[in-house]
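**Q** pasted the sequence and its predicted model underneath.
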Amino acid sequence: MRKLPAIESDYLLEFEELPGYDEGRVLWEEAFGRSMPLRIEVGVGNSPFLIEVASREPGYNYLGLEYSHKRVRKFLLKVRKAGLDNIRMLHLNSDRLFGDYIPPGSVDHLFVNFPDPWPKRRHEKKRFIATERLRLATKLLRPGGGFSLRTDAKDYALEALEALEANEALENLSTPGSWASEPLYPFETPYETRFKAQGLRIYYFEYRRRQEPS
Ligand SMILES: C[S@@+](CC[C@H](N)C(=O)[O-])C[C@H]1O[C@@H](n2cnc3c(N)ncnc32)[C@H](O)[C@@H]1O
């Protein structure tokens, strides 16, 4: 296999070198050097979405996850240009992180913009909204923490709606049983711009983790 050149950037975290990695629970505030709640985007791609959210709401630590080498490189260049000190990136598959390494109930917001739809039935377990993956992701959210997802794929949207509505830990911020008419964070991603130009409809999902019963 072709060896890809190493990416060097102050904004790129090395997973195995993160504080707390050896104990299986990363100390995120230490990793960022700032004591702020954590927000995560899965599958950043080549999108400035996280940069835009971080510029508007700077009081958080923002972590972008992406497994494509080329897209990691491009995103990091954008972060450097934006000059923000509250964004970091990990070059990995979110599955490596979500089963462990993030304390349950500690994430303020999770964003998933245009997840790969994996339309073939034999790939259904790879979808982000597959039951077990969604369960793990939900557990990471603090009570009241947000979960935002958007997609252009109708079948995926229908499956997401079913999975999200069936998840008792989550509360629909829009009308129960339906997707949202607009996103909480109205920043368009490159995929969104492309799909909209093709006249495709975009499905938005805005949920939050319910407060624990007292
Ligand atoms: C369809 S693209 C969308 C990119 C961007 N969010 C946007 O809206 O323009 C999906 C991106 O998610 C990345 N990706 C998919 N699953 C991932 C995972 N489990 N962990 C990290 N990156 C993932 C892919 O490499 C790809 O860059």
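**A** Nice, thanks for sending it over. All values reported here derive from a predicted model rather than from experimental measurement. Residues are numbered from 1 along each chain as shown.

**Q** all strands for the chain, in order.
**A** With DSSP state E as the definition, the chain shows strands at residue ranges 12-13, 38-42, 61-66, 87-91, 107-113, 141-151, 170-172, 203-209.

**Q** and the spatially most central residue of the chain, what does it touch?
**A** Taking CA atoms, centre = their mean, the centroid of the chain lies closest to residue 41, which sits 2.5 Å from it. Contacts were defined as CB atoms under 8 Å, 6 or more residues apart in numbering; by that measure residue 41 touches 49, 50, 62, 63, 64, 65, 110, 111, 112, 113. The way it works is simple: take the backbone N, C-alpha and C, and place the C-beta from them, glycine included.

**Q** ok, back up a step: okay if I get the strands of the chain as TSV plus distance to residue 181 and mean pLDDT?
**A** Listed next are these as TSV, based on distance: least, CB to CB, whole Å; pLDDT from 0 to 100:
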stretch	distance to residue 181	mean pLDDT
strand 12-13	36	94
strand 38-42	22	98
strand 61-66	26	98
strand 87-91	29	96
strand 107-113	17	98
strand 141-151	12	98
strand 170-172	13	97
strand 203-209	7	98
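
**Q** of the ones you listed, which is nearest residue 135?
**A** Among the strands of the chain, the nearest to residue 135 by CB to CB is strand 170-172 (10.4 Å).

**Q** other residues contacting the closest one?
**A** Taking contacts as CB under 8 Å, 6+ apart, the residues outside strand 170-172 that touch it are 138, 147, 164, 165, 178, 206, 207, 208, 209, 210.

**Q** what pLDDT does residue 103 get?
**A** What the model reports as pLDDT for residue 103 is 94.

**Q** for it, give me phi and psi.
**A** Torsion angles at residue 103 (phi, psi; degrees, to the nearest 10) stand at phi -60, psi 130.

**Q** surely it touches residue 24?
**A** No. In terms of CB atoms under 8 Å, residue 103 does not count as a neighbour of residue 24; the distance is 10.7 Å.

**Q** can you redo the strands of the chain as JSON lines with distance to the ligand?
**A** Written out in JSON lines, the entries for the strands of the chain read as follows (distance: least, CB to the nearest ligand atom, whole Å):
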{"stretch": "strand 12-13", "distance to the ligand": "14"}
{"stretch": "strand 38-42", "distance to the ligand": "6"}
{"stretch": "strand 61-66", "distance to the ligand": "5"}
{"stretch": "strand 87-91", "distance to the ligand": "9"}
{"stretch": "strand 107-113", "distance to the ligand": "4"}
{"stretch": "strand 141-151", "distance to the ligand": "8"}
{"stretch": "strand 170-172", "distance to the ligand": "20"}
{"stretch": "strand 203-209", "distance to the ligand": "12"}
